[in-house]
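> Let me see the structure of the following:
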Amino acid sequence: LMIAALPPRYARVKELLESVEIFVHVERLMKRSTVKGQKAIQISHIYDIGCGHGLLAMFCAASFPRIAVHAIDIVPRDSFQAQREAFQATGTSLPNLMFEEGDLTVLQNRDDGYKNSERSLLLC
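Numbers count the residues shown, from 1 in each chain. Below you'll find the predicted structure:
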């Protein structure tokens, strides 16, 4: 449904398939709640560094609404906003998704949980 709401110039099959493939791995990781009796890891933040069009970050935000998702890239792309609007057009508002302009160094002085690496998932 989201693809149908996306302007054709941003509906790139290759980017969609790559984002879905990576998201499948993220979802598997998130579903592993315990490892042989160990306490479950509760992720509070996902950082998508070099997010580009942002589709992976949007999949994460839509699928894990209780987790803050940070889409980080040096330059905001028009396709990021177009895809976010396509999600909204299908009824998914993504209030837990934030775009931040920058690179990996934006994480250096954070106080939002990044330094607690057990609660953060970093995607590059």
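
> Output the below-cut-off pLDDT ranges for the protein.
Along the chain, the parts satisfying pLDDT under 70 run over 1-4, 11, 33-40, 111-118.

> which residues touch I46?
V26, A57, C60, F64, I67, A68, V69, H70, S120, L121, L123 (CB atoms under 8 Å, 6 or more residues apart in numbering). C-beta: built from backbone N, CA, C; applies to glycine.

> After the helix or strand containing H25, which helix or strand is next? Please name it.
Using DSSP states H and E, H25 sits in helix 13-31. For helix 13-31, the succeeding helix or strand toward the C-terminus, using DSSP H and E, is strand 45-49.

> Between helix 13-31 and that following strand, find me the angle.
On the basis of axes from the mean of the first three to the mean of the last three CA atoms, to 10 degrees, strand 45-49 is oriented at 150 degrees to helix 13-31.

> how about strand 45-49 as CSV, C-alpha atoms only?
Taking C-alpha atoms only, strand 45-49 is exported to CSV below (Å, rounded to 0.1, in the frame of the first residue of the first chain):
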residue,chain,number,x,y,z
HIS,A,45,16.7,3.2,20.3
ILE,A,46,17.6,2.3,16.7
TYR,A,47,20.1,4.4,14.8
ASP,A,48,20.1,4.1,11.0
ILE,A,49,23.4,5.8,10.0
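
> Burial check on A86, number of neighbours?
21 (other CB atoms under 10 Å).

> whoops, I mixed them up, G50
Neighbours of G50 using other CB under 10 Å come to 12.
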